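Trainee: generate a structure from the sequence data that follows.
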Amino acid sequence: MQALPTRSLRRYSCAITFLVLPWLVASPSTGYSQVSSEISRAETLAAETVPGDTDPAGDPETPPAILPAEEVEEPSVDSQLPATSSAPGPDLAKLETIWEQSLRPLLVENCFECHRASEHSGQLELETIASLLRGGLSGPAIDPQSVEQSLLLTVLLPDAVGHMPPEGQLTDAEIELVQGWLTLFASASLPEDWLDSPSPTSPTQQKQDGETTGQALQRLPLGLNPSQVIDLATEAAWQANELQPTKLTSDASFVRRVYLDLVGRIPTQQERANYLASTAFDKREQLVDQLLGSDEHASHLATVLDAILIGRTSDREVKRRQSSGWFDFLTHSIAENRPWNEVAQAMLEARPQTELDRGAVWYLYSRKDKHQDIAEAISKDLFGVQIDCAQCHDHPLADEIKQAHYWGLVAFFNRSTNVDTPQGPRIAEAAIGGFSEFANLRGQSSPNRLVFLQTEPLPEARPAEGEKEEERDDLYEPHSKESAEPKVPKFSRRKAFVEEVFSGHPLVAKAMVNRMWGWMLGRGLVHPVNALDSFHPASHPELLDWLARDFEHSNYNLRRLLRSMALSRTYQLDSSLTASSDPKWFTSALAKPLTAESLYQSFQVALDLKHPEHWDTLDRKTAFANLFPDVLAEESLSNVSQGLWLTNGPQLQEMASVEHSNTLSQVSQLSETREVVTQLFVKILGRHPTDEEVSECTNYLEASPSPSSANPAPDQSSALTEKIERPPSPRVPPPQPSSQARQLKIEGLAWALLTSAEFRFNH
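Mentor: Take a look at the predicted model:
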């Protein structure tokens with residue numbers, strides 16, 4: 001084996017010192033995937049409008065290469081609701097949403113031991129907004145006419161008589177949160193009968209006598225705020241299983257998480273600083289809307305859907321997808337927020353009526369007339385069901401999946417063939433043929449009828465035994481001889497599938513909801529996401545059913561679905577490990593390995609690479625994508641190839657160098673070592689280093705270079721190996737100049753942070 005170059009040795013030493021090669025040991029199964037924070041129950045159900053059905057567009061600002069550390073210092077407490085007298089007055093639904101996402105969790109943590117419904121000291125209960133207005137022995141906790149005199153605020157001040165909480169002091173930021181919410185409350189217009197009606201923020205009052213929370217969810221009407229329904233359902237599961245969730249994540253963690261999920265990269269230092277500096281009470285909501293309306297989101301989600309619907313492949317095949325218009329079709333559909341069912345129908349029918357829809361043809365065309373592959377892909381991708389093993393027999397574990405469903409789905413598409421036209425790839429369809437029989441393991445034969453899961457067979461005239469079908473023009477729609485488009489049969493099996501089976505099928509909405517839940521929260525409500533069958537029950541079945549109905553009712557609005565998940569408290573949980581963390585109950589945010597695409601883009605953002613076009617080539621991205629984690633993989637396991645690429649891959653060495661990285665080039669000019677460490681942590685990990693990290697990294701950067709590091713001793717383990725693999729020992733070079741040695745160490749520390757589990761996971 002050849003001696004490692006000096007830069008590699010520096011990085012290897014740095015990794016051993018600080019990270020113990022975390023890429024080998026960190027994985028979801030070892031606990032990094034389960035990380036949590038305390039939230040209280042999600043109760044608000046009766047929001048009369050669902051915020052965010054209009055999606056403002058906005059692209060992130062272009063950031064400078066680096067900022068002084070003090071400008072990105074994150075607040076001591078992250079708040080979604082800083083006090084501000086200039087904030088607009090919200091309506092009732094908005095007020096309750098802010099209560100749920102900001103103020104109530106603070107009261108749960110500090111006040112509920114004495115002031116919950118079952119234990120209300122001084123007859124004061126803090127469970128709901130209505131209970132605050134009713135108050136206790138000392139009167140109402142809220143004075144709408146005088147915010148500064150509200151009991152809810154005055155008892156929190158440091159010098160208050162009867163100070164609360166009795167054994168602690170809230171921080172200034174937490175007190176500002178309370179004051180800001182009270183100011184907003186005072187400006188809200190409340191219905192006259194609001195206090196006389198059952199509080200919409202009490203789940204127990206939403207339930208009928210003897211009814212479980214799950215049963216209450218089943219009868220909830222559509223049109224409610226789905227974020228709040230999500231939180232109600234997850235809280236019910238926590239209570240039923242005696243699990244303890246943890247707090248909301250910090251703003252610093254939230255901004256990184258939501259950027260990765262919605263645009264596929266970490267935020268720039270400037271984007272992060274702008275978000276942390278914002279004092280808007282709804283800053284999280286604003287950020288989610290900004291990202292969902294951006295071009296980056298459309299491009300990112302198109303890449304995600306491409307990997308789900310067709311899969312990763314070679315750069316040659318990717319070029320064919322690009323030229324076919326497939327990526328343009330996906331990207332434009334997402335940018336326009338086209339209903340998901342329409343997107344899928346365009347893929348299945350494959351008869352484009354517009355220039356952009358020509359790319360939809362590639363979904364079927366890429367399967368190269370392999371009709372069983374087409375059937376298996378459609379079932380998995382669009383219905384969330386694996387039917388592969390029903391090819392030879394009924395499903396052995398899920399009774400509802402029959403062999404007839406497998407061959408019935410094949411029959412819907414077995415008259416279709418790929419053709420190339422001057423307008424590009426097309427899918428022709430014959431008007432005859434496609435009749436056959438399938439046999440089970442006992443040798444019993446059955447005809448392949450047009451049928452699929454949860455549907456009745458479609459009527460179709462079959463030729464009599466021995467009868468030969470004849471191709472005739474009258475079997476097709478009128479067709480111009482000058483047209484290069486394929487003829488369309490009067491009875492099109494593909495069209496019949498779209499209209500009679502796909503349209504309105506309950507699994508279509510449920511499959512996309514479950515898949516997007518898995519994408520955003522790290523695990524589907526049904527796990528794995530392609531297993532919507534009776535053998536794989538949902539962790540929260542009523543929630544999945546409600547969200548699927550709501551998705552269908554909202555005209556398959558994918559942007560609204562993602563928004564509702566991102567704004568739920570369940571999504572916004574912290575990622576610190578707790579004893580009650582359990583992936584299927586979502587008591588904490590699950591750490592998700594970055595997909596190859598997100599990891600590669602995040603490398604580029606963190607390093608602020610010079611000449612980005614050099615790194616954004618198709619061959620580089622494709623090679624990386626085929627090596628690192630896939631989209632929604634059932635399990636994520638590190639492998640040797642990934643380890644080699646991260647530890648000694650020439651591409652990462654080149655990227656993480658002063659020569660090619662603006663970040664490292666500018667950091668290397670800083671004279672203070674502590675500032676170098678701080679800037680590397682902020683730029684790469686999005687946080688400030690701890691005192692211990694500063695100390696260890698400073699010691700590493702300031703230590704004198706070891707001669708043995710620059711010139712490693714020969715491998716004594718095998719004389720033969722040394723003779724064959726090692727080059728002749730060169731003359732020992734003189735010690736490196738201190739500036740060069742420092743530069744190599746800065747590169748080594750940057751490499752260690754980039755390859756750490758903290759960087760490679762979304763948490």
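Trainee: all contacts plus neighbour counts: C-alpha atoms, from now on.
Mentor: OK.
Trainee: off-centre distance for the host helix or strand of R426?
Mentor: Using DSSP states H and E, R426 sits in strand 424-429. From the chain centre to the centre of strand 424-429 is a distance of 34 Å (Cα atoms, centre = their mean, to the nearest Å).
Trainee: average pLDDT for it?
Mentor: Averaging pLDDT along strand 424-429 yields 96.
Trainee: check which element follows it along the chain.
Mentor: Moving toward the C-terminus from strand 424-429, the first helix or strand encountered (DSSP H and E) is strand 437-439.
Trainee: ok, and what's touching that next one?
Mentor: Contacts to strand 437-439, defined as Cα atoms under 8 Å, 6 or more residues apart in numbering, come from residues C392, W407, S445, S446, P447, N448.
Trainee: apply 7 Å and report the result again.
Mentor: The contact list for strand 437-439 (Cα atoms under 7 Å, 6 or more residues apart in numbering) reads S445, S446, P447, N448.
Trainee: closest to W362 among those?
Mentor: N448 (26.1 Å; Cα to Cα).
Trainee: re earlier: other SSEs contacting the strand holding R426?
Mentor: strand 416-421 (3 or more Cα pairs under 7 Å, 6 or more residues apart in numbering; DSSP states H and E).
Trainee: the strand it packs on pairs with which strands, and in what direction?
Mentor: strand 424-429 (antiparallel) (DSSP bridges).
Trainee: how many residues are close by S695?
Mentor: S695 has 13 neighbouring residues, counting by other Cα atoms under 10 Å.
Trainee: do the same with I432
Mentor: 18.
Trainee: OK, contacts around it?
Mentor: I432 touches E469, E471, counting by Cα under 7 Å, 6+ apart.
Trainee: go with 10 Å
Mentor: R415, R462, P463, K468, E469, E470, E471, R472, L475, P489, F491, S492 (Cα atoms under 10 Å, 6 or more residues apart in numbering).
Trainee: per-residue pLDDT, it?
Mentor: pLDDT at I432 comes out at 96.
Trainee: now do D159
Mentor: You'll see D159 listed with a pLDDT of 79.
Trainee: that one and L291, how far apart?
Mentor: Distance, D159 to L291, by Cα to Cα, to the nearest Å: 43 Å.
Trainee: quick one, which of the contacts of I432 are buried?
Mentor: R415, L475, P489, S492 (16 or more other Cα atoms under 10 Å).
Trainee: determine which two of the residues you listed are furthest apart.
Mentor: R415 and L475 (13.7 Å).
Trainee: what do the two both touch?
Mentor: A430, A431, I432.
Trainee: quick one: the closest residue to T455 other than its chain neighbours and L382, what's the gap?
Mentor: Take T455 and drop its neighbours on the chain: the residue closest to it by Cα to Cα, 6 or more residues apart in numbering is V501, 6.8 Å away. Applying Cα to Cα, the value for V501 to L382 is 12 Å.
Trainee: and for V694?
Mentor: For V694, the distance to L382 equals 49 Å [Cα to Cα].
Trainee: and for this structure, the residue most distant from the center?
Mentor: In terms of distance from the mean C-alpha position of the chain, G466 ranks first, at 54.9 Å (Cα atoms, centre = their mean).
Trainee: can I assume K584 is in contact with H527?
Mentor: Yes: here K584 reaches H527: they are 8.4 Å apart, a contact under Cα atoms under 10 Å.
Trainee: intersection of neighbour lists for these two?
Mentor: Common neighbours of K584 and H527 (Cα under 10 Å, 6+ apart) are A538, S539.
Trainee: walk me through the domains of the chain.
Mentor: According to automatic domain parsing, the chain comprises the domains 6-33+593-762, 296-502.
Trainee: so for the shortest one, mean pLDDT?
Mentor: Translated: domain 6-33+593-762. What domain 6-33+593-762 shows for mean pLDDT is 75.
Trainee: next: stretch 231-245.
Mentor: 90.
Trainee: mind checking how far that stretch is from the chain centre?
Mentor: In terms of Cα atoms, centre = their mean, the centre of stretch 231-245 is found 22 Å from the chain centre.
Trainee: buried residues, that stretch. List them.
Mentor: D231, L232, A233, T234, E235, A236, A237, W238, L243, Q244, P245.
Trainee: so the fourth one touches W585, yeah?
Mentor: It refers to T234. Yes: T234 lies in contact with W585 (Cα under 10 Å); the separation is 7.1 Å.
Trainee: which neighbours do the two share?
Mentor: Joint contacts of T234 and W585 (Cα under 10 Å, 6+ apart) are P245, S539, H540.
Trainee: quick one: which of the residues you listed is nearest V318?
Mentor: Lowest distance from V318 to these (Cα to Cα) belongs to S539, with 36.6 Å.
Trainee: count of neighbours near E635?
Mentor: Residues near E635, counting by other Cα under 10 Å, number 12.
Trainee: my guess is S638 meets W645, correct?
Mentor: No: here S638 does not reach W645: they are 11.5 Å apart, not a contact under Cα under 10 Å.
Trainee: now for these two: what residues contact both?
Mentor: F628.
Trainee: list the contacts of H553.
Mentor: L222, G223, A509, L547.
Trainee: do that again at 6 Å, thanks
Mentor: Taking Cα atoms under 6 Å, 6 or more residues apart in numbering, we find H553 in contact with no residue.
Trainee: still on that earlier bit, which one of D159 and L291 is surrounded by more residues?
Mentor: Taking neighbours as other Cα under 10 Å, D159 and L291 compare with L291 leading, 24 against 9.
Trainee: now the helix or strand containing that one: buried residues?
Mentor: According to DSSP H and E, L291 maps onto helix 283-292. Going by neighbour count (16+ other Cα under 10 Å), the buried part of helix 283-292 is K283, R284, E285, L287, V288, D289, Q290, L291, L292.
Trainee: repeat for stretch 322-330
Mentor: S324, G325, W326, F327, D328, F329, L330.
Trainee: end to end, how far does it reach?
Mentor: End to end - Cα to Cα - stretch 322-330 spans 11 Å.
Trainee: all helices for the stretch 601-750 of the chain, in order.
Mentor: Using DSSP state H, counting those that start in this stretch, the helices of the stretch 601-750 of the chain run over residues 612-615, 618-625, 640-648, 650-655, 662-667, 673-685, 691-702, 707-710, 719-725, 738-754.
Trainee: perfect, that will be all.
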